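Enquirer: any chance you can model this:
(one chain, ligands or ions: 1)
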Amino acid sequence: MSNEHQIIEGDLFSDNRGTLSFVNAFSLQPIVRFYEIAHNDTTTIRAWQAHKKESKWFYCSRGAFRINLVKLDTFDNPSDDLEVFSFELNENKPQILYIPGGYANGFKAITDDAKLMVFSNFDLETSKQDDYRFETNKWINKW
Ligand SMILES: Cc1cn([C@H]2C[C@H](O)[C@@H](COP(=O)(O)OP(=O)(O)O[C@H]3O[C@@H](C)C(=O)[C@@H](O)[C@H]3O)O2)c(=O)[nH]c1=O
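Expert: Next up is the predicted model:
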């Protein structure tokens, strides 16, 4: 798997029955766990969580989320002036955001009732041993 983040493009198909969202190029082969995150409002910010080894794949199944990524130079006191990569994931534009190990990620809902599906290649226990946190206002002081 690549050590660079990547957007995997999907698409929508609509007809008189309704709409089908898909991301054909997303392989579930490495996935061992998934969970879904919903925020109580559009002000809640989950940031920053980072993993050295664990990869994550984010998919917005309802509404929209703002996702910010930083590729860390080190996990021990990372530099403050690292580049922030920013993405909007939106149910109306199916995409998967691939985040390999070595990145910090943070996000917030930008619509009410938004839902973010998270796929992981680590089980929960292994993930807990690879879980690093940084202050919310590091790298971004206005979300
Ligand atoms: C993520 C997750 C949590 N849980 C449970 C464990 C715990 O009792 C409760 C809250 O989990 P956490 O304390 O890990 O939740 P949280 O502190 O929000 O941490 C999570 O934030 C998201 C953004 C991540 O990226 C995850 O890797 C994890 O760091 O939910 C599961 O059972 N399975 C899961 O896959």
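Enquirer: bridged to the residue nearest in space to the middle of the chain, which residues?
Expert: What sits nearest the mean C-alpha location of the chain, by C-alpha atoms, centre = their mean, is Phe58, with 4.1 Å. Beta-bridge pairing for Phe58 (DSSP bridges): Leu97, Val118.
Enquirer: can you show me the strands along the protein?
Expert: Applying DSSP state E to the chain gives strands spanning 6-9, 11-15, 18-22, 33-38, 45-51, 56-62, 64-71, 84-90, 95-99, 103-109, 115-120, 132-133.
Enquirer: now those strands in JSON lines, with mean pLDDT and distance to the ligand?
Expert: Heads up, the C-betas are built off the backbone N, CA and C, glycines and all. Conversion of the strands of the chain to JSON lines gives the following (pLDDT from 0 to 100; distance: least, C-beta to the nearest ligand atom, whole Å):
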{"stretch": "strand 6-9", "mean pLDDT": "98", "distance to the ligand": "18"}
{"stretch": "strand 11-15", "mean pLDDT": "98", "distance to the ligand": "26"}
{"stretch": "strand 18-22", "mean pLDDT": "98", "distance to the ligand": "22"}
{"stretch": "strand 33-38", "mean pLDDT": "98", "distance to the ligand": "4"}
{"stretch": "strand 45-51", "mean pLDDT": "98", "distance to the ligand": "5"}
{"stretch": "strand 56-62", "mean pLDDT": "98", "distance to the ligand": "6"}
{"stretch": "strand 64-71", "mean pLDDT": "98", "distance to the ligand": "10"}
{"stretch": "strand 84-90", "mean pLDDT": "98", "distance to the ligand": "14"}
{"stretch": "strand 95-99", "mean pLDDT": "98", "distance to the ligand": "9"}
{"stretch": "strand 103-109", "mean pLDDT": "98", "distance to the ligand": "7"}
{"stretch": "strand 115-120", "mean pLDDT": "98", "distance to the ligand": "6"}
{"stretch": "strand 132-133", "mean pLDDT": "98", "distance to the ligand": "8"}
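Enquirer: can you add distance to Pro78 and give the ones you listed back as a markdown table?
Expert: Formatted as a markdown table, the strands of the chain follow (distance: least, C-beta to C-beta, whole Å):
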| stretch | distance to Pro78 |
| --- | --- |
| strand 6-9 | 21 |
| strand 11-15 | 36 |
| strand 18-22 | 35 |
| strand 33-38 | 24 |
| strand 45-51 | 9 |
| strand 56-62 | 18 |
| strand 64-71 | 8 |
| strand 84-90 | 12 |
| strand 95-99 | 16 |
| strand 103-109 | 8 |
| strand 115-120 | 22 |
| strand 132-133 | 10 |
